[in-house]
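Undergrad: I need the structure of the sequence given here:
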Amino acid sequence: MRLGYTVVDAGWQGDVANLAGSNVLFPNLPIATQPDGSPITAAVRIEYSDRTIPTNGTFTLPLEGSPSFRSYPAADTNTAHSILTVRDEVSDQGPMTPIASDQWAFGSCPIGKDSLIPDPTQICLFGGFQADKLYMLIYPAKNPIVMGLGYAVTRDIGSFLRYETHDDAGNSNPVAASPNDVGIRRSYSFGSSSTGMYQREFLYLGFNEDEAHRPVFDARWIHKSGTNRLFANVEFADPNTYSRQDDRHDFVSTSYPPLTLAVTTDPISAVRDGLVKRPDTDGLIFESDTENEFYNMRASLNVADGIGRPVSLPKNVRLYFLSGFQHGGNNPPDSFPGPAGMCENPTNPNYHGPTVRALLMALDAWADKGIEPPESNYPRLRAQTLVTLETAQKAFPNIPSVTFPPMLNELELLDFGPLFGSDGGVLTELPPLLGPSYEIFVPKPDADGLDIAGIRPMEIRVPLGTNVGWNVRAPGFRAPNLCGLNGSFIPFATTKAERLAKGDPRRSLQERYKNHQGYVEAVQRAAAELVQERFLLQEDADRFVSDAQASSVLK
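TA: Numbers count the residues shown, from 1 in each chain. Purely as a prediction, here's the structure:
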């Protein structure tokens with residue numbers, strides 16, 4: 001804000017529930033109907049897991065799984081016309097076990113069957129949902145929200161703020177030029193996680209061109225979405241759901257061709273296309289990913305195709321890798337490391353902010369003054385810093401009681417039926433048919449288990465332990481699947497004797513830094529390097545050094 005930015009939040013997700021006190025921002029999108037006004041109905045597929053089921057279980061859930069999002073109501077509440085199944089884990093190759101239609105109902109039942117109140121937007125399982133199981137429901141739903149209009153919301157708000165003085169109703173543009181102000185000189189859009197997937201879709205569908213054929217945003221920043229796209233432009237869209245390894249693997253939002261930013265031919269699907277193909281309106285593009293997106297959101301397909309060939313980038317694109325970071329890190333953590341919860345290891349909510357601030361300055365200089373940003377800094381096949389999961393496992397140190405992930409979120413070419421394609425459409429094949437598989441790669445670790453490639457922020461350059469973007473589930477929580485979007489922090493021993501006693505191959509803090517002053521000096525050197533590389537601002541560098549001086553490391 002000190003630099004003169006005006007930040008505008010524009011809610012795009014049309015199925016957000018307007019819960020009392022939630023203070024959320026969302027558009028009021030219409031419900032599609034048949035030409036005669038009658039309801040549109042179609043099959044909808046939902047999965048329930050410990051992402052939505054409380055640890056101690058529950059008898060009832062909203063159909064969507066979460067009360068934060070609106071459920072599509074059942075068009076037919078006769079459970080014999082729906083399918084409900086249960087299985088032990090996502091990797092089960094055997095058939096799902098059907099749950100008899102007389103063992104559940106559409107409705108709310110907080111204490112079991114006897115408390116059932118029929119409701120077409122909720123589901124009641126008479127025996128109760130268990131958090132260690134995966135449940136799949138396919139049911140006839142009605143009243144699809146025209147979710148794809150969310151892209152027009154972002155486009156039109158951006159265009160209005162950029163170009164207009166008043167809207168069609170006569171309301172003034174709050175950021176338009178005034179006698180003492182030049183108004184908007186440049187405009188950027190930023191989205192992370194699901195909104196990063198939304199950004200990729202916004203770009204692919206050409207929404208950075210307004211109805212007057214003008215570019216809306218000078219630059220677009222996609223943060224931590226890998227190659228997943230949102231697919232809001234789908235009948236009965238469910239942008240709250242996304243594919244990851246430990247549940248909802250073959251759901252949309254997912255990675256689907258085109259996967260690359262540049263126009264290329266996908267060797268698996270034979271689709272020739274790309275997200276960046278409108279040079280007059282695409283603008284400048286940053287994408288930044290953490291290590292978790294390589295394990296869960298197929299980030300390697302940004303730079304390596306489905307049969308392991310390198311992929312080039314357009315000139316207006318930069319890719320940056322926050323080495324060793326987990327998906328969540330937009331806000332400074334209250335404490336570090338984070339609690340393990342259902343994961344095997346404590347988590348590593350390292351703060352993305354210092355890197356993001358520096359990259360924003362680079363993006364702004366590129367858009368405003370034509371100063372080239374740092375070159376893309378991302379794992380690559382040719383540099384041998386992007387490798388197979390097996391190669392990464394062999395390179396990772398043998399740390400006692402630490403399980404390297406035995407799997408990642410694979411990708412198959414999903415067939416949702418003839419009415420679905422790269423632009424979205426209608427899902428008629430549920431579950432989808434699984435086509436040929438893509439080869440997925442992950443960053444290669446060094447002898448400490450830290451990623452070799454990427455920006456290598458301070459926590460990786462001057463580590464106090466092994467920070468990785470992955471974690472595995474603990475026993476009793478569907479181990480050893482990936483533990484969602486969590487990373488891990490495995491601390492170094494303080495002394496050599498301590499690490500030898502534990503059988504830890506990684507050097508201790510004393511072996512690395514000798515003493516507290518040695519640690520502070522290492523932080524000073526790394527801060528200077530990061531500033532020189534334009535991946536850290538001087539004020540954040542000073543903060544890292546001050547924090548190191550005040551720390552208890554080797555005191």
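Undergrad: how close does the most centrally placed residue in the chain sit to residue 342?
TA: In the chain, the residue lying closest to the centroid (Cα atoms, centre = their mean) is residue 193, at 3.3 Å. Distance, residue 193 to residue 342, using Cβ to Cβ, to the nearest Å: 20 Å. Glycine gets a C-beta too; all of them are placed from N, C-alpha and C.
Undergrad: How about residue 29?
TA: The separation that residue 29 has from residue 342, given Cβ to Cβ, amounts to 35 Å.
Undergrad: Check residue 403 too.
TA: In terms of Cβ to Cβ, residue 403 sits 14 Å off from residue 342.
Undergrad: Next: residue 555.
TA: 34 Å.
Undergrad: Likewise for residue 523?
TA: Distance from residue 523 to residue 342, by Cβ to Cβ: 33 Å.
Undergrad: Which residue is the nearest non-sequential neighbour of the residue nearest to the centre of the chain?
TA: Leaving aside its chain neighbours, residue 193 sits nearest to residue 224 (5.6 Å; criterion: Cβ to Cβ, 6 or more residues apart in numbering).
Undergrad: pLDDT score assigned to that neighbour?
TA: As predicted, residue 224 sits at a pLDDT of 98.
Undergrad: ok, it to residue 297 distance?
TA: 8 Å.
Undergrad: Give me the common contacts of the two.
TA: Here residue 224 and residue 297 have residue 289 as joint contacts, going by Cβ atoms under 8 Å, 6 or more residues apart in numbering.
Undergrad: can you give me the strands for the stretch 401-550 of the chain?
TA: 412-415, 420-421, 424-425, 433-437, 442-443, 465-468, 488-491 (DSSP state E, counting those that start in this stretch).
Undergrad: Which among those is found nearest to residue 308?
TA: strand 433-437 (12.0 Å; Cβ to Cβ).
Undergrad: so what does the closest one touch, helix or strand wise?
TA: strand 412-415 (3 or more Cβ pairs under 8 Å, 6 or more residues apart in numbering; DSSP states H and E).
Undergrad: CA-only coordinates of the strand it packs on in PDB, if you can.
TA: Output of strand 412-415 as PDB, limited to C-alpha atoms (Å, rounded to 0.1, in the frame of the first residue of the first chain):
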ATOM      1  CA  GLU A 412      -4.600 -39.900 -16.600                       C
ATOM      2  CA  LEU A 413      -6.400 -38.500 -19.600                       C
ATOM      3  CA  LEU A 414      -9.900 -38.300 -18.200                       C
ATOM      4  CA  ASP A 415     -12.900 -38.900 -20.300                       C
END
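Undergrad: Quick one: mean pLDDT for it?
TA: Confidence for strand 412-415, expressed as mean pLDDT, is 98.
Undergrad: Give me the helices and strands touching it, please.
TA: So strand 412-415, by 3+ Cβ pairs under 8 Å, 6+ apart, packs with strand 433-437.
Undergrad: Relative to the strand it packs on, what are the paired strands and their orientations?
TA: Applying DSSP bridges to the sheet, strand 433-437 is found paired with strand 412-415 (antiparallel).
Undergrad: for the strand it pairs with, which positions count as buried?
TA: 412, 413, 414 (16 or more other Cβ atoms under 10 Å).
Undergrad: Show me the contact partners of it.
TA: Residues contacting strand 412-415 (Cβ under 8 Å, 6+ apart): 250, 254, 256-257, 268-269, 429, 432-438.
Undergrad: Filter those down to the buried ones, PyMOL style.
TA: Selecting only the buried entries of the contacts of strand 412-415 in PyMOL, with 16+ other Cβ under 10 Å as the criterion:
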select buried, resi 250+254+256+257+268+269+432+438
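Undergrad: tell me the phi and psi of residue 282?
TA: phi -60, psi -40 (degrees, to the nearest 10).
Undergrad: from what I can see the residue nearest to the centre of the chain touches residue 228, true?
TA: No. Residue 193 lies out of contact with residue 228 (Cβ atoms under 8 Å); the separation is 9.5 Å.
Undergrad: Which neighbours do the two have in common?
TA: Contacts common to residue 193 and residue 228, judged by Cβ under 8 Å, 6+ apart, are absent.
Undergrad: one step back: next, give me the two most distant ones among the contacts of strand 412-415.
TA: 429 and 438 (19.2 Å).
Undergrad: Please report the distance of residue 401 from residue 502.
TA: Distance from residue 401 to residue 502, by Cβ to Cβ: 9 Å.
Undergrad: Looking only at neighbour counts, state which of these two leads.
TA: The residue with more neighbours, out of residue 401 and residue 502, is residue 502; 13 against 10, by other Cβ atoms under 10 Å.
Undergrad: which residues touch the more buried one?
TA: Here residue 502 is in contact with 400, 493 (Cβ under 8 Å, 6+ apart).
Undergrad: same thing but 10 Å
TA: 399, 400, 401, 493 (Cβ atoms under 10 Å, 6 or more residues apart in numbering).
Undergrad: Test my guess that the second one contacts residue 500.
TA: In this case it means residue 400. No. Counting by Cβ atoms under 10 Å, residue 400 stays clear of residue 500, with 11.6 Å between them.
Undergrad: Could I get the full set of strands for the stretch 101-250 of the chain?
TA: Going by DSSP E, counting those that start in this stretch, the stretch 101-250 of the chain shows strands at 104-108, 117-129, 134-142, 188-192, 219-223.
Undergrad: Identify, out of those strands, the most deeply packed stretch.
TA: Counting by mean count of other Cβ atoms under 10 Å, strand 219-223 has the highest mean neighbour count of the strands of the stretch 101-250 of the chain, with a mean of 24.
Undergrad: Dump that strand to CSV, keeping only the CA atoms.
TA: Presented in CSV, the C-alpha positions along strand 219-223 are these (Å, rounded to 0.1, in the frame of the first residue of the first chain):
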residue,chain,number,x,y,z
ALA,A,219,0.0,-8.8,-16.2
ARG,A,220,-1.4,-11.8,-14.5
TRP,A,221,0.1,-13.8,-11.6
ILE,A,222,-0.8,-17.4,-11.1
HIS,A,223,0.3,-18.7,-7.7
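Undergrad: If you count contacts, what does it end up packed against?
TA: If you count contacts as 3 or more Cβ pairs under 10 Å, 6 or more residues apart in numbering; DSSP states H and E, strand 219-223 packs onto strand 188-192, helix 194-204, strand 284-290, strand 317-322, helix 353-369.
Undergrad: Export only the CA atoms of the last one, formatted as PDB.
TA: As requested, the backbone C-alpha atoms of helix 353-369 are provided in PDB (Å, rounded to 0.1, in the frame of the first residue of the first chain):
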ATOM      1  CA  GLY A 353       5.400 -13.100   1.600                       C
ATOM      2  CA  PRO A 354       9.100 -12.100   1.300                       C
ATOM      3  CA  THR A 355       9.500 -13.900  -2.000                       C
ATOM      4  CA  VAL A 356       6.100 -12.700  -3.300                       C
ATOM      5  CA  ARG A 357       6.900  -9.100  -2.400                       C
ATOM      6  CA  ALA A 358      10.100  -9.200  -4.400                       C
ATOM      7  CA  LEU A 359       8.500 -10.800  -7.400                       C
ATOM      8  CA  LEU A 360       5.800  -8.100  -7.400                       C
ATOM      9  CA  MET A 361       8.400  -5.500  -7.700                       C
ATOM     10  CA  ALA A 362      10.000  -7.400 -10.600                       C
ATOM     11  CA  LEU A 363       6.600  -7.800 -12.300                       C
ATOM     12  CA  ASP A 364       5.800  -4.100 -11.900                       C
ATOM     13  CA  ALA A 365       9.100  -3.100 -13.300                       C
ATOM     14  CA  TRP A 366       8.500  -5.400 -16.300                       C
ATOM     15  CA  ALA A 367       5.000  -4.000 -17.000                       C
ATOM     16  CA  ASP A 368       5.800  -0.400 -16.300                       C
ATOM     17  CA  LYS A 369       9.300   0.200 -17.500                       C
END
